[in-house]
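Asker: I'd like to go over a predicted model; first the sequence, then the structure.
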Amino acid sequence: MSASAVRTYEATDPLPDEYRQLLYKVLKVAADTETSLLFRETDWLKAIIDLAPTPEDRQRIARLYAEELHHGLLFYKIWQDLGVTPSVEDYRHTREVYFAATPLETWTDVALLNTLTDRVGLYQYRNMGGCSYLPLARIVPKIEKDELGHTGMGYVHLRAICETPAGKADAQRLLVKWYPVALDMFGRSASKREEAYLRWGLKKQGNEEMRQAYIREVRPLLEGLGLQVPGEKLNRKFL
């Protein structure tokens, strides 16, 4: 199926079985990712807010995660179009999301989390832009705009941290933890579903293509702060 021949679908249209299963996976992963920080047994969000150094930072970070929760609810709502009614358990017990299981110890952790992982989200949602499932295509631009703001805020915080030698040293130490996590968030390079996502028009690029574009963008941003970027295979779990 060529790109020009990809059919679009509305919520009321009958969906081919393969398409429905792929769409279910896209929506569930997106919803779990956006809400995973907020429904963990340990209060991750409270930990993040407590690490914020000023009242203004606390307010901004709380607003950021309120937006993330709203994104998750949007994805769950579209999920209902597939005949699934999410329960309280769906919200509370999402799949274990790799980046959300990474320990947070300092405000530098939070800055790197937002700088790096929210930028991955930005890439993922851009990859869904104009996708063949129109209810999803309609919400993506707003979510993309929010993620751009989130990663921008993280970079502002990281830049301020790197203005002191001690802060830069802490950022360098923790970059070795967060950079591999961000690269892994794109998924395996040889994903079994990748060809089907592209063929059905649910995504435009494969995992490794996105990952390499991300590396080309992020490397100069980090080096501009005086940080040394780790090798792209260091501490990776999903190659």
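Answerer: In hand now; what should we look at?

Asker: Would you point out the helix or strand in the protein whose mean pLDDT is lowest?
Answerer: helix 88-92 (a mean of 57; mean pLDDT, DSSP states H and E).

Asker: Take the following helix or strand past it, keep the C-alpha atoms, and write them as CSV.
Answerer: Moving toward the C-terminus from helix 88-92, the next helix or strand (DSSP states H and E) is helix 107-112. Taking C-alpha atoms only, helix 107-112 is exported to CSV below (Å, rounded to 0.1, in the frame of the first residue of the first chain):
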residue,chain,number,x,y,z
TRP,A,107,16.3,18.5,40.4
THR,A,108,18.9,17.8,37.8
ASP,A,109,17.2,14.4,37.2
VAL,A,110,13.9,16.3,36.6
ALA,A,111,15.6,18.7,34.2
LEU,A,112,17.1,15.9,32.2
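
Asker: For helix 107-112, name the packing helices and strands.
Answerer: When contacts are defined as 3 or more Cβ pairs under 8 Å, 6 or more residues apart in numbering; DSSP states H and E, helix 107-112 sits against helix 44-51, helix 134-161, helix 165-184. In this view, the C-beta of every residue, glycine as well, is placed from N, C-alpha and C.

Asker: what pLDDT, on average, does that helix get?
Answerer: The average of the pLDDT scores along helix 107-112 is 96.

Asker: okay if I get the helices and strands packed on helix 107-112 as TSV plus mean neighbour count?
Answerer: TSV is the format used below for these (neighbours: other Cβ atoms under 10 Å):
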stretch	mean neighbour count
helix 44-51	16
helix 134-161	18
helix 165-184	18
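
Asker: Name the residues that touch stretch 210-230?
Answerer: 115-116, 119-120, 123-124, 127, 155, 158-159, 162, 168, 171-172, 175-176, 179-180, 182-183, 186, 189, 205, 232 (Cβ atoms under 8 Å, 6 or more residues apart in numbering).

Asker: Check which residues of it are buried.
Answerer: When burial is assessed from 16 or more other Cβ atoms under 10 Å, stretch 210-230 yields the following buried residues: 210-211, 214, 218, 221-222, 225, 227, 229-230.

Asker: Make JSON lines out of the residues you listed and add secondary structure.
Answerer: JSON lines is the format used below for these (DSSP: H, G, I helix; E, B strand; the rest coil):
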{"residue": "Met210", "secondary structure": "helix"}
{"residue": "Arg211", "secondary structure": "helix"}
{"residue": "Tyr214", "secondary structure": "helix"}
{"residue": "Val218", "secondary structure": "helix"}
{"residue": "Leu221", "secondary structure": "helix"}
{"residue": "Leu222", "secondary structure": "helix"}
{"residue": "Leu225", "secondary structure": "coil"}
{"residue": "Leu227", "secondary structure": "coil"}
{"residue": "Val229", "secondary structure": "coil"}
{"residue": "Pro230", "secondary structure": "coil"}
